[in-house]
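[1] Any chance you could fold what I've pasted below:
(2 chains)
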Number of protein chains: 2
Amino acid sequence: MTKELITAAVLIIGDEILSGRTKDKNIGFIADYLTQLGIDLKEVRVVADDQDAIVEAVNALRARWTYVFTSGGIGPTHDDITADAMAAAFGVGIDHDPRAMAILEAHYAKSPNMEFNEARKRMARIPFGADLIENRVSSAPGFRLENVHVMAGVPSVMQAMMDAIAPTLKTNAQVLSETIDSGLGEGLVAGPLADLAKDHPNVVIGSYPYMREDLFATNIVMRSRSREDLDNAVKAVHDMLQTLKGQKQTQV
Amino acid sequence: MTKELITAAVLIIGDEILSGRTKDKNIGFIADYLTQLGIDLKEVRVVADDQDAIVEAVNALRARWTYVFTSGGIGPTHDDITADAMAAAFGVGIDHDPRAMAILEAHYAKSPNMEFNEARKRMARIPFGADLIENRVSSAPGFRLENVHVMAGVPSVMQAMMDAIAPTLKTNAQVLSETIDSGLGEGLVAGPLADLAKDHPNVVIGSYPYMREDLFATNIVMRSRSREDLDNAVKAVHDMLQTLKGQKQTQV
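    Have a look, this model is predicted:
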């Protein structure tokens, strides 16, 4: 139980997210995916299509967390600069990779009305020393450099790349989770819940307010790697809510 | 035209986003909102409910960009630590703020079955020297410390706070934008588009691939603060696409 915690960061690269033009769906997908695998996502950053910004972010993240997953900027156009930025971040060279060229040549050979032109060859530019990540949707590969996994931004392609990467990742024991909809406002559950959290140190307890028909209510989410600890916390929360609902009826 | 560019960063605070349990909607909303105002969003970070992580992120972002907008962690529960983290980041004290206490007292006085208890009083904890941000949805205020705007995580509340903040912000000339759906794959438009981008330095030109019925196509987005420069780029892209479509028909 004392072994190193496996952690991750996500780096989304793209002006279109920052301008609001494209609404990101990749953060939520990767967050769910890593939670299912048993890897703790600790930080997300979104940066522009700007080499300095990408280099600084990936160097900060890869030094701190077990894995980094990037998304965006590996297509064929002039604003796709992620591969070059990664080479700069790692201080390695970059060129058309023979493995990637072979994959793309085979792909375009099957599409006689799509020429394997200079722009498309850009997608074979891979930093020296990287492993390729398979792309079962549209062939052009991602790549892994040390602990950094560089993926496409198009959600269906990114998701296929995550499936290709998953078997290679170390994971923690999976986090178990239980949610209880308290039916009560956060201000009412907050006090007793803080005391309860102190009594259950191996369970991370969060409370998430939401609005329903103009009233605020609260979901209480408990997460733990121990089934027994989690069950004890669930029982304690149920007892707490029963007490609070009794008090509330008296109060009204 | 040489005056300082007005920039911004967004900091989302919350374990529930990193675990995937809650899918963020605030990044996209704030991105759209700032673009409409004419403020350049440059960076987004998502961090956990962890004081060190919040302090480090907000200090990095507020030193670099004109404005920082944070969302999450200002409710009444034990895991709402944003106000304390902001006080730590700025090196100032924090206590129950008389203005915030008055707002919340009036709010709960109108709700006889909701006691203004200790947990709810936590929402009046505001760092010394901060201005309050009005919350027309559920009263509990956000606050501004220097260039950092601290807002709620619940989308409807955050959005009301953005409306309260907007009139106080400096903005750039608004960015104009035009989108052309090329109907062509990114690999075909990439080469000529790169040349075109060089000829239009005052227009930021992005290309965004998407999948439609299993075929990749590409939206070309042009952004500029000059109507004339933008119109010239739009015309050039239309001319380029006409040429490419002519070539493609010949090719097939």
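[2] Low-confidence ranges, the stretch 51-200 of chain A, go.
    Applying pLDDT under 70 to the stretch 51-200 of chain A flags no residue at all.
[3] Do a quick rundown of the strands in it.
    Secondary structure of the stretch 51-200 of chain A, counting by DSSP state E, counting those that start in this stretch: strands at A:67-71, A:94-96, A:125-127, A:131-133, A:142-145, A:148-151, A:176-181.
[4] residues contacting residue A:44?
    When contacts are counted by Cβ atoms under 8 Å, 6 or more residues apart in numbering or on different chains, residue A:44 touches A:9, A:10, A:11, A:12, A:27, B:12, B:17, B:18, B:44, B:45, B:46. In this view, the C-beta of every residue, glycine as well, is placed from N, C-alpha and C.
[5] Model confidence for residue A:214, exactly?
    pLDDT for residue A:214: 71.
[6] so what's the backbone phi/psi at it?
    When read as degrees, to the nearest 10, the backbone of residue A:214 gives phi 70, psi 10.
[7] can you pull out the helices in chain A?
    Assigned by DSSP state H, chain A shows helices spanning A:15-18, A:26-37, A:51-64, A:82-90, A:98-109, A:118-121, A:155-165, A:186-199, A:227-251.
[8] before we move on, the earlier item: which of the contacts of residue A:44 lies closest to residue A:77?
    Of all these, residue A:12 has the smallest distance to residue A:77: 17.5 Å, by Cβ to Cβ.
[9] any idea how far the closest one is from residue A:72?
    According to Cβ to Cβ, to the nearest Å, residue A:12 and residue A:72 sit 6 Å apart.
[10] intersection of neighbour lists for these two?
    Residues touching both residue A:12 and residue A:72 (Cβ under 8 Å, 6+ apart): residue A:153.
[11] Name the residue in those two with the higher neighbour count.
    Using other Cβ atoms under 10 Å in any protein chain shown as the criterion, residue A:12 and residue A:72 rank with residue A:72 on top: 27 against 24.
[12] and the closest residue to the more buried one other than its chain neighbours, what is it in contact with?
    Distance criterion Cβ to Cβ, 6 or more residues apart in numbering or on different chains; nearest residue to residue A:72, sequence neighbours excluded, is residue A:153 at 3.4 Å. For residue A:153, the contact set (Cβ under 8 Å, 6+ apart) comprises A:12, A:13, A:14, A:26, A:71, A:72, A:73, A:74, A:75.
[13] for those residues, which one is nearest chain B?
    Closest approach between the contacts of residue A:153 and chain B, by Cβ to the nearest Cβ: residue A:75, at 5.4 Å.
[14] Wait, residue A:188 touches residue B:114, no?
    Yes. Contact status for residue A:188 versus residue B:114: in contact at 7.5 Å, counting by Cβ atoms under 8 Å.
[15] Compare the two (neighbour count), which wins?
    Neighbours were counted for residue A:188 and for residue B:114 using other Cβ under 10 Å; residue A:188 has more, 26 against 18.
[16] any idea how far the closest residue to that one other than its chain neighbours lies from chain B?
    Leaving out its chain neighbours, the residue that sits closest to residue A:188 by Cβ to Cβ, 6+ apart is residue A:244, at 6.1 Å. Note on residue A:244: its distance to chain B, by Cβ to the nearest Cβ, to the nearest Å, is 11 Å.
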